[in-house]
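Asker: got a predicted structure here, sequence first:
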Amino acid sequence: MPLLQSALATSAGYIGALGGKKTREDRAEQLRAEGVTDEQVARIHAPIGLDIGAKTPEEVGVAVAAEIVALRRKDQE
């Protein structure tokens with residue numbers, strides 16, 4: 001949590017976190033309890049990366065890179 005809180009205090013264009021739906025919900029609840037706003041929680045991309053069925057660390061890396069590119073392109077529209 002401290003790392004996510006630190007990242008949320010920056011202007012980082014991409015903040016991602018691993019974990020499924022339950023982990024994501026628990027994380028958001030804990031962050032809100034620590035004073036993080038809903039707007040800040042919404043900045044966290046979780047699960048991290050585009051859903052391409054990644055299994056290996058290398059594939060997860062490709063999925064994350066693809067999500068970052070997709071977000072950058074969306075922001076440029």
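Answerer: Perfect, thanks for sending it.

Asker: got a list of contacts for stretch 50-65?
Answerer: Contacts to stretch 50-65, defined as Cβ atoms under 8 Å, 6 or more residues apart in numbering, come from residues Gly16, Ile48, Gly49, Ala66, Glu67, Ala70. Bear in mind the C-beta positions are built from the backbone N, C-alpha and C, glycine included.

Asker: OK, contacts around the first one?
Answerer: Right, the one you point to is Gly16. By Cβ under 8 Å, 6+ apart, Gly16 lies in contact with Ile44, His45, Ala46, Ile48, Gly49, Val64, Glu67.

Asker: what is the burial count for the fourth one?
Answerer: Ile48 is surrounded by 17 other residues when neighbours are defined as other Cβ atoms under 10 Å.

Asker: and if you look at Gly20?
Answerer: Neighbour tally, Gly20, other Cβ under 10 Å: 9.

Asker: so how far is stretch 24-36 off the chain centroid?
Answerer: On the basis of Cα atoms, centre = their mean, to the nearest Å, stretch 24-36 sits 13 Å off its chain's mean C-alpha point.

Asker: contacts for that stretch, please.
Answerer: Contacts for stretch 24-36 (Cβ under 8 Å, 6+ apart): Met1, Leu4, Gln5, Leu8, Ala17, Gly19, Asp38, Gln40, Val41, Ile44, Ala46, Pro47.

Asker: from Ala46, how far off is Gly20?
Answerer: Remark: distance between Gly20 and Ala46 (Cβ to Cβ, to the nearest Å) = 9 Å.

Asker: only the C-alpha atoms, please, for stretch 39-49, written as CSV.
Answerer: Output of stretch 39-49 as CSV, limited to C-alpha atoms (Å, rounded to 0.1, in the frame of the first residue of the first chain):
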residue,chain,number,x,y,z
GLU,A,39,-10.5,9.5,-8.1
GLN,A,40,-7.0,8.4,-7.0
VAL,A,41,-8.1,4.7,-6.7
ALA,A,42,-9.5,4.9,-10.2
ARG,A,43,-6.0,5.7,-11.5
ILE,A,44,-4.8,2.2,-10.6
HIS,A,45,-5.0,-0.2,-13.5
ALA,A,46,-5.8,-3.6,-12.1
PRO,A,47,-5.4,-6.2,-13.1
ILE,A,48,-2.3,-4.9,-14.8
GLY,A,49,-2.0,-5.0,-18.6
